[in-house]
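Undergrad: Fold the following.
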Amino acid sequence: MRILMVTSEATPFAKTGGLADVLGALPQALAKLGEEVAVVLPRYASMDGLTVPRRIWRDMPLTLGRYSFLAGIDEVRHGGVRYLFVDIPALYNRPGIYGDRTGSYADNHIRFGVLNQAALAIARNIFRPDVFHGHDWQAGLLGPYLHEMFKGDPTFFGAKFLLSIHNLGYQGNFAASVMPDIGLDPNLFHSEGLEFWGEVSFLKAGIVWADAITTVSPTYAREIQTPEFGFGLDGLLRPRVAKISGILNGVDYGEWNPETDPHLPARYSAQNLAGKRISKLALLQELGLPLDRERPLIGVISRFAGQKGFDLLPTIAAELMELDFALVVLGNGEAPIEEMFLSLADQNPQKVAVRIGYDNALAHCIEGAADMFLMPSRYEPCGLNQMYSLRYGTVPIVRATGGLEDSVDESTGFKFGPYTPEALLECVIEALAAFRDLPTWRERMRRGMAKDFSWDVAAAGYQKLYKSL
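TA: Here you go, the predicted model:
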């Protein structure tokens, strides 16, 4: 099959989060299964110097409502996949992907509307697909463009549109006044079409016109159909339940593997765990915490956002600090969460170490050194760190939601259900008590390390879905 993916980011070319990791790994896993895959994304200013692309189309004419552009199409072949970059400097040659320090770009509806039109032009002229696979709201207009604007075009007869929702909380909503800019019939602006609470919603457009919808975990596929996790779209999704499925994201074990990880001071395996104790001692020393290998070490690596559940901590902070464990935190984001962790470290310097920012080498060292990993998310479409942790023998403590529910079970980690500080505290206490029984704990570690969350498994799920379409 020929699959054309449309996305706003993909590693190693452009990244702000987990979406990029998926678009870096899934296409290559599908190519290994014999599928022909191309990925369309913008050529951002930040890509300069990262790749040496080949220009395969010099001036592709694109029209979006009242706007016209000439796009260069560049190609890089990477991991058996064709990555096709849409080069329009006026739209994409800017700092950042979605915005700058002042906020989101005001013309994002044009920037990503044009990306969708470019994908269709590429499909007509360069790579004719059996399936268009759009990712998140940035590819949402593919649906109405394909089924409304080009329904009489023989180029696209039989082509299907699959929408993957990586996080329903990001919807691409814009003022109703942008309708003339995106080139769609104004009669489509109604409650069964593009309109969402008086605005234009790119994600809703994708849902309405999709032939199939996936989320990044089976549990999240069910959760988005409820008021608690539906962000106002649950009423739209429930009648489409037959079109919705969940496929758990995979992990790149080429990068996240304690047996080969170059960032660890000592590598280790499920058969020989000695390197984990060495890694723990090295990290404690680096962060200035007491060199106590017997005291449990809990790790946190995260964006600091409301979704991630750290608002549960202040209520129980005093009780947590009375427990016998050390805590190492790496992340950045919302200022109140950063300040909360920094204050916790300032008040408890023998127990808590915090590093603000993101450091890939340190992230690997935390996974390798920690005994437990904390992810108390309010919601988590998939999550990756809990799967990294399992491979590193770092037992996850998670809330039972989304991909956390699907990847962690009672034999490999600890889960709490109610989103309350008390439930989190009880779960941490349970994990710390279990740690005291070291033979049983090591068996728990080894069960987690044996789990297979490789992209080969996820790609096979997508391949089956493509075939069904």
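
Undergrad: residue boundaries of the strands in the stretch 151-300 of the chain?
TA: Assigned strands in the stretch 151-300 of the chain, in chain order: 160-165, 173-175, 195-196, 199-201, 212-215, 244-246, 297-304 (criterion: DSSP state E, counting those that start in this stretch).

Undergrad: got the contact list for the second one?
TA: Contacts with strand 173-175, where a contact means CB atoms under 8 Å, 6 or more residues apart in numbering, come from 108, 109, 196, 197, 199, 200, 201, 202, 203. Where C-beta positions appear, they are placed from N, C-alpha and C, glycine not excepted.

Undergrad: Bridging across strands, which residues link to the nearest residue to residue 165 once chain neighbours are set aside?
TA: Using CB to CB, 6 or more residues apart in numbering and skipping residues adjacent in sequence, the residue nearest residue 165 is residue 215, 5.0 Å away. Note on residue 215: beta-bridge partners by DSSP bridges are residue 165, residue 246.

Undergrad: Let me know the distance separating residue 215 from residue 194.
TA: 21 Å (CB to CB, to the nearest Å).

Undergrad: Surely residue 417 and residue 404 touch.
TA: No. Using CB atoms under 8 Å, residue 417 makes no contact with residue 404, being 11.2 Å away.

Undergrad: The two: which has the busier surroundings?
TA: More neighbours surround residue 404 than the other of residue 417 and residue 404, with 28 against 11 (other CB atoms under 10 Å).

Undergrad: Let me see the confidence value for that one.
TA: Note on residue 404: pLDDT of 98.

Undergrad: bridging residues for the closest residue in space to it that isn't next to it in sequence?
TA: Leaving aside its sequence neighbours, residue 404 sits nearest to residue 398 (CB to CB, 6+ apart; 4.1 Å). Beta bridges link residue 398 to residue 375, residue 415, judged by DSSP bridges.

Undergrad: what ranges do the helices span in the stretch 301-450 of the chain?
TA: Under the criterion DSSP state H, counting those that start in this stretch, the stretch 301-450 of the chain contains helices at 313-321, 335-347, 360-369, 385-391, 402-407, 421-435, 438-449.

Undergrad: count of residues packed around residue 191?
TA: 10.

Undergrad: so where's the protein shaky on pLDDT?
TA: 48-50 (pLDDT under 70).

Undergrad: Out of the helices of the stretch 301-450 of the chain, the one nearest residue 152 is which?
TA: Proximity to residue 152 (CB to CB) singles out helix 402-407 among the helices of the stretch 301-450 of the chain, at 40.1 Å.

Undergrad: which other helices and strands contact the closest one?
TA: helix 218-223, helix 385-391 (3 or more CB pairs under 8 Å, 6 or more residues apart in numbering; DSSP states H and E).

Undergrad: Please compute how far it lies from its chain's middle.
TA: Mean-position distance between helix 402-407 and its chain equals 13 Å (CA atoms, centre = their mean, to the nearest Å).

Undergrad: before we move on, what about stretch 167-177?
TA: 18 Å.

Undergrad: can you give me the end-to-end distance of that stretch?
TA: Using CA to CA, to the nearest Å, the end-to-end distance of stretch 167-177 comes to 25 Å.

Undergrad: list the buried ones in that stretch?
TA: For stretch 167-177, burial by neighbour count (16 or more other CB atoms under 10 Å) applies to 167, 168, 170, 171, 172, 173, 174.

Undergrad: that older thread, what's the most buried one of the helices and strands packed on helix 402-407?
TA: Comparing the helices and strands packed on helix 402-407 by mean neighbour count (mean count of other CB atoms under 10 Å), helix 385-391 ranks first with a mean of 26.

Undergrad: Contacts made by that helix with the rest, please.
TA: 251, 253, 256-258, 299, 301-302, 367, 370, 373, 375, 394-396, 398, 403-404, 407-408, 412-413, 448-449, 451, 453.

Undergrad: what about 7 Å?
TA: 251, 253, 256-258, 301, 367, 373, 375, 396, 398, 404, 407-408, 412, 448-449, 451, 453 (CB atoms under 7 Å, 6 or more residues apart in numbering).

Undergrad: How about stretch 3-18?
TA: 19-21, 23-24, 27, 30, 35, 37-42, 44, 46-47, 50-51, 83, 97, 112, 115-116, 119, 123, 127, 129, 131-135, 138-139, 142, 166, 382, 384, 466.

Undergrad: Skipping adjacent residues, who's closest to residue 196 in space?
TA: Distances taken as CB to CB, 6+ apart place residue 204 nearest to residue 196, at 4.8 Å, with adjacent residues excluded.

Undergrad: Just give me the neighbour total for the one you found.
TA: For residue 204, the neighbour count with other CB under 10 Å is 26.

Undergrad: In contact with it, which residues?
TA: 194, 196, 233, 236.

Undergrad: Ok, residue 188 next?
TA: 144, 148, 194.

Undergrad: Repeat that for residue 117.
TA: Contacts of residue 117 by CB under 7 Å, 6+ apart are 62, 64, 145.

Undergrad: before we move on, what about residue 282?
TA: Residue 282 is in contact with residue 265, counting by CB under 7 Å, 6+ apart.

Undergrad: Kindly report the same for residue 206.
TA: Here residue 206 is in contact with 134, 137, 139, 140, 142, 143, 163 (CB under 7 Å, 6+ apart).

Undergrad: count of neighbours near the closest residue in space to it that isn't next to it in sequence?
TA: In this structure, residue 206 finds its nearest non-sequential neighbour in residue 140, 3.3 Å apart by CB to CB, 6+ apart. For residue 140, the neighbour count with other CB under 10 Å is 30.

Undergrad: my read: residue 140 touches residue 172, true?
TA: Yes. If you go by CB atoms under 7 Å, residue 140 and residue 172 touch, sitting 6.1 Å apart.

Undergrad: any common contacting residues for those two?
TA: Common contact partners of residue 140 and residue 172 (CB under 7 Å, 6+ apart): 202, 203.

Undergrad: okay, now residue 347: neighbour count?
TA: 12.

Undergrad: re the thing from before, the residue nearest to residue 404 reaches residue 412, doesn't it?
TA: No. Using CB under 7 Å, residue 398 makes no contact with residue 412, being 10.5 Å away.

Undergrad: More neighbours: these two, which one.
TA: Using other CB under 10 Å, the more surrounded residue of residue 398 and residue 412 is residue 398, with 27 against 20.

Undergrad: Show me what counts as buried in stretch 427-445.
TA: For stretch 427-445, by 16+ other CB under 10 Å, it's 427, 428, 431, 432, 434, 435, 441, 444, 445.

Undergrad: which residue sits closest to the fifth one, ignoring its sequence neighbours?
TA: With CB to CB, 6+ apart as the measure, residue 441 is the residue that lies nearest to residue 434, at 6.3 Å, once sequence neighbours are left out.

Undergrad: hey, what's residue 10 bridged with?
TA: Residue 10 has the following beta-bridge partners by DSSP bridges: residue 14.

Undergrad: Tell me how far it lies from residue 113.
TA: From residue 10 to residue 113 the distance is 19 Å (CB to CB).
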